[in-house]
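In: sequence first, then the predicted structure, then my questions.
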Amino acid sequence: KDVDGKERPMWRTRWWVPDGRHSDQPHPPLLLVFNRIGPRNPGTVIAQLAELTERHWKGTWYEGGFHMYDGKLPIVVTGMKQLKEHGPAGAVFRRFGRPHHQTLLEAIGNPRREAHDARQQTEYAARHREHQEELRRIAAQHKAEREASRPVCADCGTRFTDERWKAIEPAGWSAPRETHPHLCDDCKQRAVTAEREAAQAGPEHQEHDQAVPEQKAGGAWLSRFRG
């Protein structure tokens with residue numbers, strides 16, 4: 001068991017694989033350093049070794065332009081002479097299945113896969129930006145269309161606020177009918193106040209209008225009586 005209490009192969013506790021690398025979790029790499037002493041040719045030995053171990057290190061080709069090495073054993077070879085000339089940081093390492101020498105980190109890694117992932121991430125980010133820009137454009141267009149259809153007060157010409165616009169919209173058969181739907185809040189308030197004042201003053205004016213004809217009639221009768 002590992003430190004987290006989960007069972008896993010012992011080598012996996014010493015060899016870390018990046019999270020999220022699905023179908024590309026190779027075994028720890030094996031580095032072979034050849035030092036030519038005697039008549040044996042290291043080149044021949046390396047070719048034979050690569051052929052005999054192909055099923056252990058050969059990856060699966062993907063159309064994205066890279067190999068996947070899930071469950072495979074990366075085998076990397078180099079020579080002592082090359083290490084002395086270029087050092088361990090030089091491009092003197094040859095991984096079985098690859099035609100060119102690489103640095104050690106490139107040889108044990110998967111640079112083509114990483115480059116492919118980086119391109120995909122860049123393309124995804126570009127598409128995401130385009131999508132967000134399109135959403136902003138559509139939102140701006142809808143906002144412009146809504147503003148163009150915003151009602152205008154029939155009295156003062158002021159555009160309705162969102163609250164006033166919502167208040168005059170039909171809310172169903174049972175909802176009370178909004179008064180003065182063509183007026184803004186201020187003009188509606190003034191209109192309601194004027195109507196209330198007129199309603200309060202209405203009975204007095206009515207009594208006055210009724211009394212005037214009687215007085216006129218009485219005055220005419222009295223004048224005739226006096227005459």
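Out: Okay, I see it. Numbering: from 1, shown residues only.
In: where does this structure dip in pLDDT?
Out: 17-23, 171-176, 202-227 (pLDDT under 70).
In: all the helices of it, residue numbers only.
Out: Secondary structure of the chain by DSSP state H: the helices cover 42-52, 54-57, 80-86, 104-108, 111-148, 162-168, 185-226.
In: C-alpha coordinates for the second one, CSV please?
Out: This means helix 54-57. C-alpha atoms of helix 54-57 as CSV (Å, rounded to 0.1, in the frame of the first residue of the first chain):
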residue,chain,number,x,y,z
GLU,A,54,9.9,-4.3,-29.6
ARG,A,55,6.7,-5.6,-28.0
HIS,A,56,7.7,-4.0,-24.7
TRP,A,57,8.5,-0.4,-26.0
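In: show residues contacting it.
Out: Applying Cβ atoms under 8 Å, 6 or more residues apart in numbering, the external contacts of helix 54-57 come out as Ala50, Tyr69, Lys72, Leu73, Pro74, Ile75, Arg95, Phe96, Gly97. Bear in mind the C-beta positions are built from the backbone N, C-alpha and C, glycine included.
In: what is the burial count for the last one?
Out: Here the count is done by other Cβ atoms under 10 Å, and Gly97 has 15 residues near it.
In: the second one now?
Out: Taking other Cβ under 10 Å as the neighbour definition, Tyr69 ends up with a count of 23.
In: returning to that earlier point: how about CSV for the helices of the chain, with mean neighbour count and distance to Val33 added?
Out: Below are those laid out as CSV (neighbours: other Cβ atoms under 10 Å; distance: least, Cβ to Cβ, whole Å):
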stretch, mean neighbour count, distance to Val33
helix 42-52, 13, 10
helix 54-57, 14, 17
helix 80-86, 13, 6
helix 104-108, 17, 11
helix 111-148, 11, 22
helix 162-168, 13, 76
helix 185-226, 10, 87
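In: can you say which of those helices is nearest to Asp2?
Out: Taking Cβ to Cβ, helix 104-108 is the member of these nearest to Asp2, at 22.3 Å.
In: just checking, what packs against that closest one?
Out: Applying 3 or more Cβ pairs under 8 Å, 6 or more residues apart in numbering; DSSP states H and E, one finds that helix 104-108 contacts strand 75-79, strand 94-95.
In: dump those to a markdown table, plus mean neighbour count and distance to Glu106.
Out: Listed next are these as a markdown table, based on neighbours: other Cβ under 10 Å; distance: least, Cβ to Cβ, whole Å:
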| stretch | mean neighbour count | distance to Glu106 |
| --- | --- | --- |
| strand 75-79 | 21 | 10 |
| strand 94-95 | 22 | 9 |
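In: okay, the helices of the chain in JSON lines with distance to Pro29 next?
Out: Listed next are the helices of the chain as JSON lines, based on distance: least, Cβ to Cβ, whole Å:
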{"stretch": "helix 42-52", "distance to Pro29": "14"}
{"stretch": "helix 54-57", "distance to Pro29": "9"}
{"stretch": "helix 80-86", "distance to Pro29": "16"}
{"stretch": "helix 104-108", "distance to Pro29": "4"}
{"stretch": "helix 111-148", "distance to Pro29": "14"}
{"stretch": "helix 162-168", "distance to Pro29": "65"}
{"stretch": "helix 185-226", "distance to Pro29": "76"}
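In: tell me which of these sits nearest to Pro9.
Out: Judging the helices of the chain by Cβ to Cβ, what sits closest to Pro9 is helix 54-57, at 15.9 Å.
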